[in-house]
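**Student:** can't give you the sequence, but here's the structure:
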């Protein structure tokens, strides 16, 4: 499933985003070139204000770039109408937020079913599908709980379930574990890892270097630019001979770092 | 897809309105009050305008009236039909009456000659009540109910009168006043009959029979130097089918009498009620506009509460957009909410308005009318208010930037 295809899922060319006007103007993104293949698990790291979230918002079609091009499945999205963007968000992209963003007056299953509303699905079918997804997350008995009755970890799992309910090909996660303790973080990462194994493309922004161990590719950003882009050994093993199209990945020391960590976490588990 | 769309938004709106129940009830009440006042005014208004035409129908549809002057289209005159008829020099003459009576198919014709003057009894003086001079034929044409005594007829003395119940009470302190005398312009009249109280000041003769003294046409003429000042001639056909033909004949004969000048009009059916209706229509229109102001206030209430709702749900809007809601999805979500408020307000207002109208009508001489126009007006205005005052908050919700919206209240 995670085999590279000819057309990359996401391709960015010279993507630029500016904020502010006049003296206050600065580039949040400064000419980003990036190619993401189907089935990659990418973590984006970097200090606050380096443009990670801005990049994720643009990838999720929640924001527009000022310059450069964004190809989704080989098609430039800039020409699309707002309604088309909404449809892509509804069908191709699932977003997981740091603050979960569950709607408090809806119960768990309704929250999960929410994206299906905009797919033109009737309520009964929606709830059925949502229920099936929740089962995967072992949240079946929590279906009729209200969001405030759940722990942070459970809320985030509900949020991930919601992001997955439409079977999107791309999952965008903006610090999904940022509000969770390390144990819940681990659970969430395992879930994401599972989703990745099932063939989804995951792009995750995080501050936590420990989490890069789950990724197949780590991108460091600094001042709106990509500082380093590394394939983790897991991925290298997988695509041994075939180097994916697009970016040429630098083999740096940073690449070895996660390997060590991976080992240590595994050791800890034992 | 459309069905899904409606069901979806309605369900969604139901849950969100339910979660702010008190607010929803109060906003609905605001609209309901506006719609109620409009409904009450319109129903009473059309009730009153229907009274006259219903009377004409009740009389068998075989009544036509001849009035001096062409049908007035002047709104100023329409505002006061009484003045139009009392002070305009009438062109109708006794000759016209005689000619009408001789037309084939005419059952009877009665003149309406209204004069004024103080009516004096030994104990009281009544100033403003109308004095109606007519012929015995009026009894049948207007179907006047006699309670005591008799109506004026060809054999009764010239100086006899029939009184309305209320006038009898005003003059003599009793409704049993047969045989009593009163004075009109120094002339003495004997009461020979009392009409049954009919509580119907609005009718095609424009005479409030409860407060009228009916005298013979001869007596009436004697107050006007022997000239009949006929304000209206009531014509009754033997057969309702012949009425159009008779009206044509009436037109022809009177035009001839008036030397070729058509300075009168012959009316039947709803046309008879038109001057009265028009006056009330104007009045109702003005009152409806005033009532509309309260609906406007209700509409502002909707907009206000919807803006609060949009502000409160900023994050929800951001989230909905991020999971695939398009701008129009968001617009509809909020518009449907405001429409539900306004339509509920419309329904309750319509019911409440009729309840109010019936309470008010218990103090009046007519009942509110049920017409589809009023239902349409109530429904239409409430729908309009919902759209008009709901669209701005809805658009504002849709225009929210999802990123900004999701950052709201972290």
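**Tutor:** That came in fine, so what should we check first? Quantities reported herein were computed from a predicted structural model and do not represent experimental measurements.

**Student:** and the residue of chain A found nearest chain B, what is it in contact with?
**Tutor:** In chain A, the residue that lies nearest chain B is residue A:90 (2.4 Å; Cβ to the nearest Cβ). (Glycine included, C-beta is placed from N, CA and C.) Contacts for residue A:90 (Cβ atoms under 8 Å, 6 or more residues apart in numbering or on different chains) come out as A:115, A:118, A:119, A:166, B:323, B:324, B:325.

**Student:** For these, please prepare JSON lines with the additional fields pLDDT.
**Tutor:** Below are the contacts of residue A:90 laid out as JSON lines (pLDDT from 0 to 100):
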{"residue": "A:115", "pLDDT": "92"}
{"residue": "A:118", "pLDDT": "88"}
{"residue": "A:119", "pLDDT": "85"}
{"residue": "A:166", "pLDDT": "88"}
{"residue": "B:323", "pLDDT": "91"}
{"residue": "B:324", "pLDDT": "89"}
{"residue": "B:325", "pLDDT": "90"}
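
**Student:** Go through these and flag which are in strands.
**Tutor:** With DSSP state E as the criterion, strands contain none of the contacts of residue A:90.

**Student:** ok, back up a step: what helix or strand is the residue of chain A closest to chain B located in?
**Tutor:** Using DSSP states H and E, residue A:90 sits within helix A:82-91.

**Student:** And that helix, what's buried?
**Tutor:** A:85, A:86, A:87, A:88, A:89, A:90, A:91 (16 or more other Cβ atoms under 10 Å in any protein chain shown).

**Student:** now stretch A:133-140
**Tutor:** A:133, A:134, A:136, A:137, A:139.

**Student:** wait, the third one sits on residue A:158?
**Tutor:** Think residue A:136. No: Residue A:136 is not in contact with residue A:158 according to Cβ atoms under 8 Å; the separation is 11.9 Å.

**Student:** Walking through chain B, point out its strands one by one.
**Tutor:** Using DSSP E, strands in chain B cover B:63-68, B:106-115, B:119-120, B:125-126, B:131-134, B:146-149, B:160-163, B:181-184, B:187-195, B:213-216, B:232-237, B:264-268.

**Student:** For chain A, find the nearest of the ones you listed.
**Tutor:** Using Cβ to the nearest Cβ, the nearest of the strands of chain B to chain A is strand B:264-268, at 59.6 Å.

**Student:** Just give the strands next to the closest one in its sheet, each with its orientation.
**Tutor:** Taking DSSP bridges as the criterion, strand B:264-268 forms sheet pairs with strand B:63-68 (antiparallel).

**Student:** Quick one: residues in contact with the partner strand.
**Tutor:** Counting by Cβ under 8 Å, 6+ apart, residues outside strand B:63-68 touching it are B:56, B:85, B:88, B:90-92, B:96, B:100, B:141, B:204, B:230-237, B:243, B:246-247, B:250, B:254, B:263-268, B:272.

**Student:** Select only the buried ones of the residues you listed in PyMOL?
**Tutor:** Applying 16+ other Cβ under 10 Å to the contacts of strand B:63-68 leaves a buried subset, and the PyMOL line that selects it is:
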select buried, chain B and resi 56+85+90+91+92+96+100+141+204+230+231+232+233+234+235+236+237+243+246+247+250+254+264+266+267+268+272
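
**Student:** Just the ones of the contacts of residue A:90 in helices?
**Tutor:** residue A:115 (DSSP state H).

**Student:** hmm, which two among the contacts of residue A:90 are most spread apart?
**Tutor:** Across these, the longest distance by Cβ to Cβ is 12.7 Å; it joins A:166 and B:325.

**Student:** Look at these two and report which has more neighbours.
**Tutor:** residue B:325 (25 against 22; other Cβ atoms under 10 Å in any protein chain shown).

**Student:** Quick one: residues contacting the more buried one.
**Tutor:** A:86, A:90, A:117, A:118, B:333.

**Student:** so what's the fourth one closest to, chain neighbours aside?
**Tutor:** Read it as residue A:118. Of all residues not flanking residue A:118 in the chain, residue B:324 sits nearest, at 4.0 Å (Cβ to Cβ, 6 or more residues apart in numbering or on different chains).

**Student:** any idea how far that neighbour is from residue B:108?
**Tutor:** Taking Cβ to Cβ, to the nearest Å as the measure, residue B:324 falls 80 Å from residue B:108.

**Student:** Tell me which of those two has more neighbours.
**Tutor:** Taking other Cβ under 10 Å, residue B:324 and residue B:108 do not tie; residue B:324 has more neighbours (27 against 18).

**Student:** mind checking the backbone torsions on the residue in chain B that chain A sits nearest to?
**Tutor:** Closest to chain A within chain B is residue B:324: 2.4 Å, counting by Cβ to the nearest Cβ. With angles defined as degrees, to the nearest 10, residue B:324 sits at phi 120, psi 10.

**Student:** Buried residues in stretch B:394-410, which are they?
**Tutor:** B:394, B:396, B:397, B:398, B:400, B:402, B:403, B:405, B:406.

**Student:** got the contact list for the nearest residue to the fifth one once chain neighbours are set aside?
**Tutor:** Translated: residue B:400. Of all residues not flanking residue B:400 in the chain, residue B:317 sits nearest, at 5.2 Å (Cβ to Cβ, 6+ apart). Residues near residue B:317 by Cβ under 8 Å, 6+ apart: B:310, B:330, B:397, B:400, B:402, B:405.

**Student:** what's the closest non-adjacent residue to residue B:232?
**Tutor:** Of all residues not flanking residue B:232 in the chain, residue B:112 sits nearest, at 4.1 Å (Cβ to Cβ, 6+ apart).

**Student:** Surely that neighbour touches residue B:131?
**Tutor:** No: counting by Cβ under 8 Å, residue B:112 stays clear of residue B:131, with 11.5 Å between them.

**Student:** Tell me which of those two has more neighbours.
**Tutor:** Taking neighbours as other Cβ under 10 Å, residue B:112 and residue B:131 compare with residue B:112 leading, 26 against 23.

**Student:** quick one: contacts for residue B:21?
**Tutor:** Residues in contact with residue B:21 (Cβ under 8 Å, 6+ apart): none are found.

**Student:** Now residue 101: closest residue in space, sequence neighbours ignored.
**Tutor:** Because you didn't say which chain, this covers chain A. residue B:319 (4.7 Å).

**Student:** wrong one, chain B
**Tutor:** Spatially, and ignoring its direct neighbours in sequence, residue B:101 is nearest to residue B:109 (4.9 Å; Cβ to Cβ, 6+ apart).
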